[in-house]
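**Student:** after the sequence you'll find the predicted model.
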Amino acid sequence: MKEGAGMIAKRNRIVPILFLLPSLLFLGIFIYMPLVQNFYNSFFNFSVFSPTKEFIGFSAFEQLFSDKIVMTALINNIKYAVISVVFQVAFALVLATILEDKLFRRIAPLLRVVYFIPVMISISVIALLFGFIYNPQMGLLNSFLELIGLGNLAVPWLGNATTSIYAVIAMSQWQSIGFITMLFIVAIQKIPKELYEAAEIDGAGKIRQFFNITVPQVKETLFVNMLITITGAMLVFNEPYILTNGGPGTSSMTLSVYMYQQGFFKDNMGYASAVATLIFIVTAIFALVQIKVSGTGKDE
Amino acid sequence: MTKTNENIKVDMLAPEQQAKKERPAKKAKTAMKTNLQGKVTKNMILLGLLLFAFVILYPLFWMVVSSLKSYDEIYSNVWGLPSVWHFENYATAWSMGISGYFFNSLFVTVTTIVLVVMIGSMAAFTLSRYKSRWIDVALIFTIGGIMMNPQVALIPLFELLTWLDLINTHWALILTYVAYRLPLTIILIRAFFLSIPKELEESAIIDGCSEFGIYARIYLPLSIPIIVTTIVLTAYFAWNEFMFATVFIDSDVLKTIPSGLMNFRDSLRTDWGVLLAGMVIATIPMVVLLVFLQRYLVRGLSEGSVKG
């Protein structure tokens, strides 16, 4: 008997460790180590294939704060975040509420899938498609404006420094509204129906029901969605990289695109690392707030 | 999802019918007026919903229609249907490189899925069955991984993969994809494992089942739904990932679809019909996934985001 108990205890120690080890290694090597390495790299000057790294202390960070392109990029990221919060979060909440309303229960399942289709499509397909839409000669957008008699509003959307970043942001809204809407739908479905029934008996209209029941009941999801959207906007790389590569000039630059250009085109790996550190700090602040609010890590 | 809808249908019909019966004759006129107003509002909103659906669908419809046109027609006849349907655009796209990207994506996606499910479910098994200070630390270490973003790790990962001599191989993508998918996968599977009744494993231990046997013969078979969710989410991620695919792989023959399409565009220059055909081919697997596995996808995405 004693031997048996000892064997279970021994088995219990080795097997769980073996089970856990691969994932801890993956996380350690490919997620945490690069993060530390990135901080370390920020204090050096080096290029991709250079054998040595030259220590430069904080001078990359000093350069960062006097770099006008970093400022442009940061402002673009903030524009991205603000517009995305309005369209993806506020509009998506209204859209989800409408889709969950009994009035539209017949058509809602179909519309949910339709709105969700762009979420599933690769960003490179979407960006190439919007390249066609924004094309100044044959693009759908300008052709449409001419069709409805607003041809004078047509501009080369991506080739114009004042419109380029907004054209990129607009594409993101088109792609992502369906995603946030779906998250809200899941949250709304969890609201007890009695609340709405009671409100209806009290004579509260749809708009009052929205503000007095729906919004407070999905508060947590609302907050999480806002953070997902803001963090995503601060990190955004694919959309501007494919559509404009930050141009024309630096008009649609974002922090991630700038980091990529500095690192892999200008070969200033050290400076690119400093930009990455800035990105990390900006997003970590939001991530910490998110952990605190959503209570991740606690058992349910 | 469908079940909830049916419930709503049943619940919501009842009060309406009652209201109709009890409505006093006097109020009929005002009721008709509000009814009319309600109908107008309803139709306006419906129109808005359909308009938005149109805004989403039309560009995709245009992509499919234009993929069957010649270059001249894409340029000069933006709105119309093709005068000659160029189905050969698809064959051309497939043979001019899309097939290679497609199979590269398939290999990377399938390998990533297998590794994520294996490694993730094993870790979730330990994290859900054992309690100690070290398990808590491991759990926080795992969950914390969700907060780390690939953008910040891009340059160090490039250095690391170069040092490991893995840059410009499929393993550069597979290993990093697995790492970045593990935290969410482990959180989802662990939550599911926690709901499995302890009595099952107790009787298994009495029957002489080993620790591995409990994992392989009890936990895994019971967790098929959450594993399907994991598979769908991982497929969606690995099939569409762009940044790593662009930076870590330089050789055209090794590129996956998202980064390969960029090369494809550059080499085609003006052969837009063929490019659009390639874009449609790249899209089809994921839309099929959405149509058939919608339920699993929605569940994973919503749980993942709330927890993350």
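**Tutor:** Yep, it's here.
**Student:** A:V289 sits in which helix or strand?
**Tutor:** Here A:V289, judged by DSSP states H and E, is contained in helix A:269-294.
**Student:** tell me how far that helix is from the chain's mean position?
**Tutor:** 13 Å (Cα atoms, centre = their mean, to the nearest Å).
**Student:** quick check: mean pLDDT across that helix?
**Tutor:** Across helix A:269-294, pLDDT averages out at 84.
**Student:** again, but for stretch B:266-286
**Tutor:** The average pLDDT within stretch B:266-286 is 88.
**Student:** show me which residues of it are buried.
**Tutor:** The neighbour-count check on stretch B:266-286 (16 or more other Cβ atoms under 10 Å in any protein chain shown) flags B:268, B:271-283, B:285-286 as buried. Bear in mind the C-beta positions are built from the backbone N, C-alpha and C, glycine included.
**Student:** how about stretch A:185-195?
**Tutor:** A:185-189.
**Student:** what's the end-to-end length of that stretch?
**Tutor:** In stretch A:185-195, first residue to last residue: 17 Å (Cα to Cα, to the nearest Å).
**Student:** is chain B within reach of it?
**Tutor:** Yes: Stretch A:185-195 is in contact with chain B by Cβ under 8 Å from any Cβ of the partner chain, via A:186-187, A:189, A:193.
**Student:** contact partners for B:N263?
**Tutor:** By Cβ atoms under 8 Å, 6 or more residues apart in numbering or on different chains, B:N263 lies in contact with B:97, B:252, B:255.
**Student:** hmm, try it at 6 Å
**Tutor:** B:D252 (Cβ atoms under 6 Å, 6 or more residues apart in numbering or on different chains).
**Student:** so residue 92 is in which element?
**Tutor:** You didn't pick a chain, so chain A it is. According to DSSP H and E, A:A92 maps onto helix A:92-100.
**Student:** wait, chain B
**Tutor:** B:T92 belongs to helix B:88-93 when assigned by DSSP H and E.
**Student:** now do that helix, average pLDDT.
**Tutor:** Helix B:88-93 carries an average pLDDT of 89.
**Student:** pLDDT at residue 300, what is it?
**Tutor:** You didn't say which chain, so I picked chain A. 36.
**Student:** wait, I meant chain B there
**Tutor:** At B:G300, the pLDDT recorded in the model is 72.
**Student:** and it, how many neighbours?
**Tutor:** 23 (other Cβ atoms under 10 Å in any protein chain shown).
**Student:** give me the contact list for stretch B:137-155.
**Tutor:** Residues outside stretch B:137-155 that contact it (Cβ under 6 Å, 6+ apart): A:20, A:27, A:31, A:34-35, A:38, A:235, A:237, A:256, A:263, A:269, A:272-273, A:276, A:279-280, A:287, A:296-297, B:127, B:183, B:186, B:308.
**Student:** return the distance of it from the chain's centre.
**Tutor:** When C-alpha coordinates are averaged (Cα atoms, centre = their mean), stretch B:137-155 and its chain have centres 20 Å apart.
**Student:** quick one: end-to-end length of it, please.
**Tutor:** Stretch B:137-155 stretches 28 Å from its first residue to its last (Cα to Cα).
**Student:** can you tell me which residue sits nearest the middle of chain B?
**Tutor:** With distances taken as Cα atoms, centre = their mean, the residue of chain B nearest its centroid is B:Y236 (3.6 Å).
**Student:** where's it, which helix or strand?
**Tutor:** With DSSP H and E as the test, B:Y236 turns up in helix B:224-240.
**Student:** that helix vs chain A: in contact?
**Tutor:** Yes: applying Cβ under 6 Å from any Cβ of the partner chain, one finds that helix B:224-240 is in contact with chain A at B:N240.
**Student:** list the buried residues for that helix?
**Tutor:** Residues of helix B:224-240 classed as buried: B:226-240 (neighbour count, 16+ other Cβ under 10 Å).
**Student:** out of the residues of stretch A:185-195 next to chain B, which comes closest to B:I119?
**Tutor:** Nearest to B:I119 out of the residues of stretch A:185-195 next to chain B is A:V186 (Cβ to Cβ; 27.7 Å).
**Student:** select only the buried ones of the contacts of stretch B:137-155 in PyMOL?
**Tutor:** Here is the PyMOL selection string for the buried members of these, based on 16+ other Cβ under 10 Å:
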select buried, (chain A and resi 20+27+31+34+35+38+235+237+256+263+269+272+273+276+279+280+287+296) or (chain B and resi 127+183+186+308)
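**Student:** low-confidence ranges, the chain, go.
**Tutor:** Going with chain A. A:1-12, A:290-291, A:293-300 (pLDDT under 70).
**Student:** think we crossed wires, I meant chain B
**Tutor:** For chain B, residues meeting the criterion pLDDT under 70 lie at B:1-34, B:302, B:304-308.
**Student:** if we can go back for a sec, give the next helix or strand downstream of the helix holding B:T92.
**Tutor:** Tracing the chain C-terminally past helix B:88-93 and defining elements by DSSP H and E, one meets helix B:99-129 next.
**Student:** the inter-axis angle of whatever helix or strand comes next after that next one versus helix A:269-294?
**Tutor:** Next along the chain after helix B:99-129, taking DSSP H and E as the criterion, comes helix B:133-144. Between helix B:133-144 and helix A:269-294, the angle comes out at 110 degrees (axes from the mean of the first three to the mean of the last three Cα atoms, to 10 degrees).
**Student:** buried sites along helix B:133-144?
**Tutor:** B:135, B:138-139, B:141-144.
**Student:** give me the contacts around the helix holding B:Y236.
**Tutor:** By Cβ under 6 Å, 6+ apart, helix B:224-240 touches A:122, B:105, B:108-109, B:112-113, B:116-117, B:177, B:181, B:185, B:188-189, B:192, B:293, B:296-297, B:299-300.
**Student:** in helices, which of the buried residues of stretch A:185-195 appear?
**Tutor:** The helices, defined by DSSP state H, take in A:185-189 from the buried residues of stretch A:185-195.
**Student:** between the residues you listed, which is closest to chain B?
**Tutor:** A:V186 (4.1 Å; Cβ to the nearest Cβ).
**Student:** buried ones in the helix holding A:V289?
**Tutor:** A:269-280, A:282-283, A:286-287, A:290-291, A:294.
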